[in-house]
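Undergrad: I'd like to go over a predicted model; first the sequence, then the structure.
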Amino acid sequence: MTTASHHLAIYNFGVHTEAYLTGSVQGFSLREPFNFEAASRAAGFVGRSGYAGEPGPESWGEQVFPRFLREIGRDSGVSSLSLWLDIECLVAFTYAGVHADALKHARQWNERQGWPPLVLFWVKAGETPGWSEAVRRFELLADQGPCPDAFSFKSAFTADGGPYLVNRERIKQLTAENLEAQADLMSAVKALPV
């Protein structure tokens with residue numbers, strides 16, 4: 001089901017086992033530009049927030065982190081914020097190709113967490129959610145569970161608040177398109193150290 005008047009936002013957040021670009025998380029940092037490029041080539045990708053002071057897209061406001069970071073005594077974590085046409089497009093990107101390769105190693109790079117790894121929510125087409133809005137939705141999901149304002153892949157809602165019925169056949173089609181578009185990236189990623 002495509003919701004043309006809205007786009008799907010995804011915010012994910014985690015904490016690395018070591019500092020960025022070092023030791024056991026080097027494999028993550030080496031894959032990050034490939035993930036961003038694969039996303040930009042993926043069917044249904046609308047855009048992503050960049051990070052203030054770094055090359056790439058403009059940041060969608062000041063980057064903030066969920067309260068869970070303070071609760072574990074850390075001052076930064078790894079997070080991303082992007083927009084997609086719909087859930088099928090996001091699933092097709094997330095669970096195949098370059099990004100799926102990164103997910104395969106995520107437990108090695110990230111600490112176990114007591115909060116959800118991500119939150120999904122709808123925004124009106126043409127609007128971009130800020131980091132603070134994404135964090136608010138993330139905390140809502142963690143505190144209250146899935147609802148139309150903050151949900152997960154397993155408990156998804158439409159933009160008008162009804163249950164989202166995922167089109168599995170469309171996911172297969174989109175996945176095939178994405179894999180073809182990122183074949184060169186996948187070859188490069190397979191040569192990277194974990």
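TA: Perfect, I can see it now.
Undergrad: use CA for all of it now, contacts and neighbours both
TA: Noted.
Undergrad: in the chain, which spans are helices?
TA: Under the criterion DSSP state H, the chain contains helices at 26-41, 67-71, 87-94, 97-104, 106-109, 131-144, 168-181, 183-190.
Undergrad: and those helices, which one averages the lowest pLDDT?
TA: Of all the helices of the chain, mean pLDDT reaches its minimum on helix 106-109 (a mean of 87).
Undergrad: which parts of it are buried?
TA: 106, 108-109 (16 or more other C-alpha atoms under 10 Å).
Undergrad: how about Gly56, nearest residue that isn't a chain neighbour?
TA: Gly50 (5.9 Å; C-alpha to C-alpha, 6 or more residues apart in numbering).
Undergrad: so what does the one you found have for phi and psi?
TA: With angles defined as degrees, to the nearest 10, Gly50 sits at phi -90, psi -160.
Undergrad: most packed of the helices of the chain?
TA: Most buried of these by mean neighbour count (mean count of other C-alpha atoms under 10 Å) is helix 87-94; its value is a mean of 24.
Undergrad: what's the distance between that helix and the middle of its chain?
TA: For helix 87-94, the separation from the chain centroid amounts to 10 Å (computed by C-alpha atoms, centre = their mean, to the nearest Å).
Undergrad: mind naming the longest strand for the protein?
TA: strand 6-14 (DSSP state E).
Undergrad: which strands and helices sit next to that one?
TA: Secondary-structure packing of strand 6-14 (3 or more C-alpha pairs under 8 Å, 6 or more residues apart in numbering; DSSP states H and E): strand 78-84, strand 118-124, helix 131-144.
Undergrad: distance of Val119 relative to Gly53?
TA: Taking C-alpha to C-alpha, to the nearest Å as the measure, Val119 falls 25 Å from Gly53.
Undergrad: the more surrounded of these two?
TA: Each of Val119 and Gly53 has its neighbours counted (other C-alpha atoms under 10 Å); Val119 has more, 26 against 8.
Undergrad: does the more buried one really touch Ile10, like I thought?
TA: Yes: applying C-alpha atoms under 8 Å as the test, Val119 and Ile10 come out as touching, 5.8 Å apart.
Undergrad: I'd say Leu179 and Ala96 touch.
TA: Yes: counting by C-alpha under 8 Å, Ala96 is a contact partner of Leu179 at 7.4 Å.
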